[in-house]
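> I'd like to go over a predicted model; first the sequence, then the structure.
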Amino acid sequence: MTPPSLFLLGGIHLEGVETALADRLLAQSKVVALIACLALAPAGRYQRRDRLVGLLWPELDQQHARAALRKAVFAARALFGDALLLARGDEEFVLSRERLWCDAVEFTEAADAGRLGRAIELYRGELMPGFHLHGCSEFSMWLDTERNSAVERAAAASWAMAQRMEEAQELTKASKLARETARHLWSDERVLRRAMLMLQRLGDRAGALRLFSDVSQRLRAELDALPSEETTALAARIRGA
């Protein structure tokens, strides 16, 4: 039997369960956060109860935080079955990957194993975009770290595949992947310059300059910054080539 699917990349949604039940669970932010924390933990590694309540209920005393965790565990098990969250004693939990498939988990495994095509296919956008728990600063730091790790893996996979496509003379695919790499890590100008140089080598000078323009606009809009002199000079050389 195929387990339900939890999608966290590019949006949060559930498949393989009744729509009304999925909507009810996804409306409970702390339950979603709990499942995400357990799903993204290294395979088979139990998570301490104290760590989970510290991440998700820092405003509560120990007694009430543990009660809130029990309630969240009950909500998750009510939808996915008791075997979703396995306990070791009273203090540790692990999520059974046989009971719930997660795109972010498979993406990480594919990227780390060098299955580049599958990793690129799975990464449809930022991890848990727009998700926020008010007053949970440690959870926010954890999520930022996970988001950064995911986008760095996505960029590495795209760039490695772009190089393969360049070697294979699949120039259109290589160009697309080079642009994708730079957009994943748009604030890293070293990545931008590397992508622009590849596009120039591939004969896509217009694409290189368009990429420079797109990233420049985003730097101004989101960081109130301009491209460095080195990047601007590279664009000028490509424009005048």
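Cool, the structure landed.

> what about P3, which helix or strand?
Using DSSP states H and E, P3 sits within no helix or strand.

> And L25, by the same measure?
Assigned by DSSP H and E, L25 falls in helix 19-26.

> now the helix or strand just after that helix against helix 19-26, angle please.
Downstream of helix 19-26, the next assigned helix or strand under DSSP H and E is helix 29-40. If you take axes from the mean of the first three to the mean of the last three C-alpha atoms, to 10 degrees, helix 29-40 sits at 90 degrees to helix 19-26.

> For the following helix or strand past helix 29-40, enumerate the helices and strands it packs against.
Remark: after helix 29-40, the chain's next helix or strand is strand 47-48, criterion DSSP H and E. Packing contacts for strand 47-48, counted by 3 or more C-beta pairs under 8 Å, 6 or more residues apart in numbering; DSSP states H and E, involve strand 92-95. Every C-beta, even on glycine, is put in place using the N, C-alpha and C of the backbone.

> so how far is the helix or strand of the chain with the lowest mean pLDDT from its chain's centroid?
Ranking every helix and strand in the chain by mean pLDDT, DSSP states H and E puts strand 85-88 at the bottom, with a mean of 87. Chain-centre distance of strand 85-88: 26 Å, with C-alpha atoms, centre = their mean, to the nearest Å.

> Direction included, what does it pair against?
strand 92-95 (antiparallel) (DSSP bridges).

> thinking again about what came up before, CA atoms of the helix holding L25 as CSV?
Provided in CSV are the C-alpha atoms of helix 19-26 (Å, rounded to 0.1, in the frame of the first residue of the first chain):
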residue,chain,number,x,y,z
THR,A,19,-9.0,16.4,1.5
ALA,A,20,-11.0,17.5,4.6
LEU,A,21,-8.7,15.6,6.9
ALA,A,22,-5.6,17.0,5.2
ASP,A,23,-6.9,20.5,5.4
ARG,A,24,-7.7,20.1,9.1
LEU,A,25,-4.2,18.9,9.9
LEU,A,26,-2.4,21.5,7.7
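
> Pull out the buried residues from that helix.
A22, L25 (16 or more other C-beta atoms under 10 Å).

> who touches stretch 98-117?
2-9, 35, 39-40, 80-81, 83-84, 97, 118-119, 122-124, 127, 149-150, 153-154, 156-157, 160-161, 164 (C-beta atoms under 8 Å, 6 or more residues apart in numbering).

> buried sites along that stretch?
Buried-residue list, stretch 98-117, by 16+ other C-beta under 10 Å: 99-108, 110-111, 115-116.
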